[in-house]
Structures are given as C-alpha cells and as structure tokens.
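> need the 3D shape of this:
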Amino acid sequence: MSVTRQLAGRPVHPIGLGCMNLSWAYGTPPAEEDKVRLLNHALDLGCNHLDTANIYGKGANEELLGRALKGRRQEFLLASKTGIVVDGANRGIDCSPAAMRQSIEDSLRRLQTDHIDLFYMHRFDPKVPIAEMIGALAEAIAAGKIGAYGVSEWSAAHIREAHAVHPMAAVQTEYSLWTRNVELGVEDTCADLGIAL
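Numbers count the residues shown, from 1 in each chain. Sure thing, here's the model as predicted:
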C-alpha cells in the first residue's frame, strides 16, 4: 500500500469499506458466504478500514464482522457507531453516557474483540450536554475499550465544543456533488483542529 491516510492514530488506505449494505438497508443482503468472502477479499486487497454501526441490521452487521474476521482483527482499523435508536415504535437519538457505555459493551461482544479503534456518535443528541457525551467516551478511551472517538453529521460549533473536552479523531459526514453542507464550516473546522474528515 503506497498511499495511506492517518485515522485514529494509524495509517489506513484512503478508501475504507462501509459494511452496512452487507446486512441492512440497500435491498436483500448477500448470502453469508459471499459476505465473508467479500470482507476477507477487501483485507487481502489492502482495504484496512472497515466501518459498521450498532444500528446496521440491529447488530447483525457487527456480528458478521466478528464472525468473518475474528482471526484477522489486527489487520484493520475497526470503526463502529452508536446513538441512533430504532426499536419498533421507539425511534430517536440517545447519546446519554449510560446508553453509550452499554452500546460499547454490546458492540465489543458482537464484534468479538476487546477494543474498537474508532467509535462514533452517529448523530448529535441535543438532550445531552456535550461534556457528558464526550466524558463517557473519554472514560472508554482510558479503559482501552475504544481507541478514539468521532462524530457523524455534527455542526462545526458542536465539533469545536466536543474537541475542547477531549481531542476528536474523526468526523464522518455525507459529502458528494449533491450534499455539500460540509463546506459551510465543518471542513474548515476539521482542518483547523487536525481532525480527519
């Protein structure tokens, strides 16, 4: 791999693999053997950044990565996310410290690992003070359960506030020809603070 980027303190291929559609969202998921073959082939090709979330298939995607790649855990940066709640009629955002602590434990179990390299809050939770959200993640970092934290779809102001509590490793956001809101402050904020975007 000749070209790499730094993410959460380690070099990764510039293109990561988002694993959501292997378990959820875009049509019928592939057969189990095809999912396992795809994940292993991605690693064989040098794609060493895999991204999942607790919501993808209600944990099924994390379980897939745990099963398929248990023997190869040291070969890739593992990113997962928490915060979006979809439980029947109960839908919303919960980034309370208690919910995130439980989510980390559940994700570790499903992923069959003792640490997640990069753990994102999937959305901003306006009900919880930023210092409390980040405090819970800083505790998980200190305990070795996660290596670093990031956020997904947060504003520039919220990113700055969170980073002041504990340094943020990454911001994940939609960025395409159609969706360019990131250019309204988030891109500059990440550059100013040294946060991967």
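> going forward, measure contacts and count neighbours with C-alpha atoms only.
OK.
> ok, now which ones touch the residue most central in space within the chain?
Centrality entry for the chain: nearest residue to the mean C-alpha point is S80, 3.3 Å, by CA atoms, centre = their mean. Contact analysis of S80 by CA atoms under 8 Å, 6 or more residues apart in numbering lists 51-54, 107, 116, 118-120.
> buried ones in the helix or strand bottoming out on mean pLDDT in the chain, by neighbour count?
One helix or strand of the chain scores below all others by mean pLDDT, DSSP states H and E: strand 84-87, with a mean of 90. Across strand 84-87, burial judged by 16 or more other CA atoms under 10 Å covers 84-85.
> adjacent strands (with direction) for it?
Using DSSP bridges, strand 84-87 pairs in its sheet with strand 90-93 (antiparallel).
> could you list the residues in contact with the partner strand?
83-86, 123-125.
> hmm, back to that, in helices only, show me the contacts of S80.
Among the contacts of S80, the ones falling in helices (DSSP state H) are S107.
> most neighbours among the contacts of S80, please name it.
Ranked by neighbour count (other CA atoms under 10 Å), those have F119 at the top, with 29 neighbours.
> list the contacts for G135?
G135 makes contacts with 97, 165-166, as judged by CA under 8 Å, 6+ apart.
> and those residues, which is closest to E75?
E75 has its nearest neighbour among the contacts of G135 in H166, at 27.0 Å by CA to CA.
> wait, doesn't the closest one sit right on A138?
Yes: assessed by CA atoms under 8 Å, H166 is found in contact with A138 at 6.8 Å.
> hey, what's the residue nearest to the centre of the chain bridged with?
F119.
> that older thread, more neighbours, H166 and A138?
Using other CA under 10 Å, the more surrounded residue of H166 and A138 is A138, with 20 against 15.
> which element is the more buried one on?
In this assignment (DSSP states H and E), A138 forms part of helix 130-142.
> could you identify the helix or strand that succeeds that helix?
Assigned by DSSP H and E, the successor of helix 130-142 is strand 146-152.
> ok, and what's touching the next helix or strand after that next one?
Following strand 146-152 in sequence order, the next helix or strand is helix 156-165 (DSSP H and E). Applying CA under 8 Å, 6+ apart, the contact partners of helix 156-165 are 130-131, 134-135, 151, 168, 185-186, 189.
> columns distance to L69 and pLDDT on top of the contacts of G135, output as TSV?
Output for these, formatted as TSV (distance: CA to CA, whole Å; pLDDT from 0 to 100):
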residue	distance to L69	pLDDT
P97	29	98
V165	34	98
H166	31	98
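> list the buried residues in the helix holding A138.
130, 133-138, 140-141.
> stretch 159-170 too?
159-160, 162-163, 167-170.
> who are the neighbours in contact with N61?
Contacts for N61 (CA under 8 Å, 6+ apart) come out as 19-20, 22-24, 52-54.
> farthest-separated two in those residues?
So, the contacts of N61 by CA to CA: farthest apart are L22 and N54, at 13.4 Å.
> follow-up on the earlier one: now the helix holding A138, how far from the centre of its chain.
Centroid separation for helix 130-142 versus its chain: 15 Å, with CA atoms, centre = their mean, to the nearest Å.
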